[in-house]
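[1] Sequence first, then the predicted structure, then my questions.
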Amino acid sequence: MKRFAIVVAVVSISTGALIAQKPEMPKPGPEHQQLGAFVGNWTFEGEMKPGPMGPGGKITGTDRIQWLPGNFFVERRFEGKGPMGEMRGLEILGYDSAQKVHTFNVFDSMGAMGSGTMTLSDSTWTTSGTGNMGGTVFHDRCTLAFGAASTTLTIKCEMSADGKTWAPTFEGKATKAK
């Protein structure tokens, strides 16, 4: 009986010590920090190409891009005007530590939504994903090339219905406010 009491006491002390230790909060790694190049207020302009998702024409707008608390994710709120009228949207950029890949999820006021992955090489991000607008599923890919000091961004995008045959959909430039 005395031995049992000692075992219970040792287990209780050990359990109490474990409960008293707070787990260390995760910290953003270098992969998360790479997303910081996007943070800031931007203006953009470019040319939408005509295609299955709508008519072509000039598009202009603004982006407000900021870290979410904790600096694991970047929130992009955008608004602009293009060939189909006014638009607004939300995009979340992040890093999936389990899959070891940068990710994006985007939603806009025209009913489009999409998600995919992003890779970084030097100062150029390449995105690849799938989306859906009005029940039409599409594949898209873009290159986002940062200029000097990450204050400009050259953007080129393509779309595909089958993931094999690609057509240009957007070409433009964004400039970060000083």
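    Structure received. Model, not experiment: these values are computed from the prediction.

[2] which SS class is residue 26?
    coil (DSSP: H, G, I helix; E, B strand; the rest coil).

[3] Near it, how many other residues are there?
    10 (other Cβ atoms under 10 Å). C-betas here are computed from N, CA, C, even on glycine.

[4] residues contacting it?
    residue 72 (Cβ atoms under 8 Å, 6 or more residues apart in numbering).

[5] could we number from 194 for the rest of this?
    With the count now opening at 194, the last piece we talked about shows up as residue 219.

[6] phi, psi of it?
    Main-chain torsions, residue 219, degrees, to the nearest 10: phi -60, psi 150.

[7] Where does pLDDT dip in this structure?
    Across the chain, the ranges flagged by pLDDT under 70 are 194-214.

[8] Would you map the strands across it?
    If DSSP state E is used as the criterion, the strands of the chain fall at 233-241, 250-260, 267-275, 278-289, 294-301, 306-314, 317-326, 329-339, 345-353, 360-369.

[9] Turn the ones you listed into JSON lines, including distance to residue 223 and mean neighbour count.
    Conversion of these to JSON lines gives the following (distance: least, Cβ to Cβ, whole Å; neighbours: other Cβ atoms under 10 Å):
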{"stretch": "strand 233-241", "distance to residue 223": "20", "mean neighbour count": "17"}
{"stretch": "strand 250-260", "distance to residue 223": "15", "mean neighbour count": "16"}
{"stretch": "strand 267-275", "distance to residue 223": "15", "mean neighbour count": "17"}
{"stretch": "strand 278-289", "distance to residue 223": "9", "mean neighbour count": "16"}
{"stretch": "strand 294-301", "distance to residue 223": "12", "mean neighbour count": "18"}
{"stretch": "strand 306-314", "distance to residue 223": "11", "mean neighbour count": "15"}
{"stretch": "strand 317-326", "distance to residue 223": "15", "mean neighbour count": "16"}
{"stretch": "strand 329-339", "distance to residue 223": "17", "mean neighbour count": "17"}
{"stretch": "strand 345-353", "distance to residue 223": "21", "mean neighbour count": "17"}
{"stretch": "strand 360-369", "distance to residue 223": "22", "mean neighbour count": "17"}
